[in-house]
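Chemist: based on what follows, work out the 3D shape:
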Amino acid sequence: MDVTTIEKLVGSQFVWAILFVVLGVAVLGYLKNENAKREEMLENAQKEQKQEAEKRFKELKIESRDREDKLMQNQEKFVDSLSKISKSVEGLNQAFNGLQNDHSSLAREVSHLRNQIQN
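Modeler: Predicted coordinates:
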């Protein structure tokens, strides 16, 4: 090819149009490839986050179950303690009623003895 032919080709709009189309296709292919890579990275990150969230959820569920078990054990101890306290109070009440009865009996006897002494 001689220089004139090359100058005509370089000056032709058709050649420039083909070059821009080829360049456009190359750029679109590159962008599509980069977009696919980024999408894959985001999907992997999302999967990792989901797995981490599921793992944390299971841990929290176990912790919650343990905490609930401990609370139930404490509640059972508390109920047992209240039952013992109730029985103790009932015993004290019976003892107090017995003392009141004894006091009433003594008061009657003292009154009776006073009446006998005065008569």
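Chemist: which helix runs longest in the chain?
Modeler: helix 13-118 (DSSP state H).
Chemist: what average pLDDT does that one get?
Modeler: The pLDDT scores in helix 13-118 average 94.
Chemist: just how off-centre is it within its chain?
Modeler: 8 Å (C-alpha atoms, centre = their mean, to the nearest Å).
Chemist: number the chain from 412, please
Modeler: Fine by me, first position is 412 from now on; the one you just mentioned is helix 424-529.
Chemist: so which elements touch that helix?
Modeler: Of the remaining helices and strands, none touches helix 424-529 by 3 or more C-beta pairs under 8 Å, 6 or more residues apart in numbering; DSSP states H and E. The way it works is simple: take the backbone N, C-alpha and C, and place the C-beta from them, glycine included.
Chemist: dead centre of the chain: give me the residue that sits there.
Modeler: With the centre of the chain defined as its mean C-alpha position, the nearest residue by C-alpha atoms, centre = their mean is Leu471, 5.2 Å away.
Chemist: for that one, give its distance to Met483.
Modeler: 18 Å (C-beta to C-beta, to the nearest Å).
Chemist: next one: Ser497
Modeler: 21 Å.
Chemist: same check, this time on Gly502
Modeler: Taken as C-beta to C-beta, the span from Gly502 to Met483 is 29 Å.
Chemist: please apply the same query to Lys466.
Modeler: From Lys466 to Met483 the distance is 26 Å (C-beta to C-beta).
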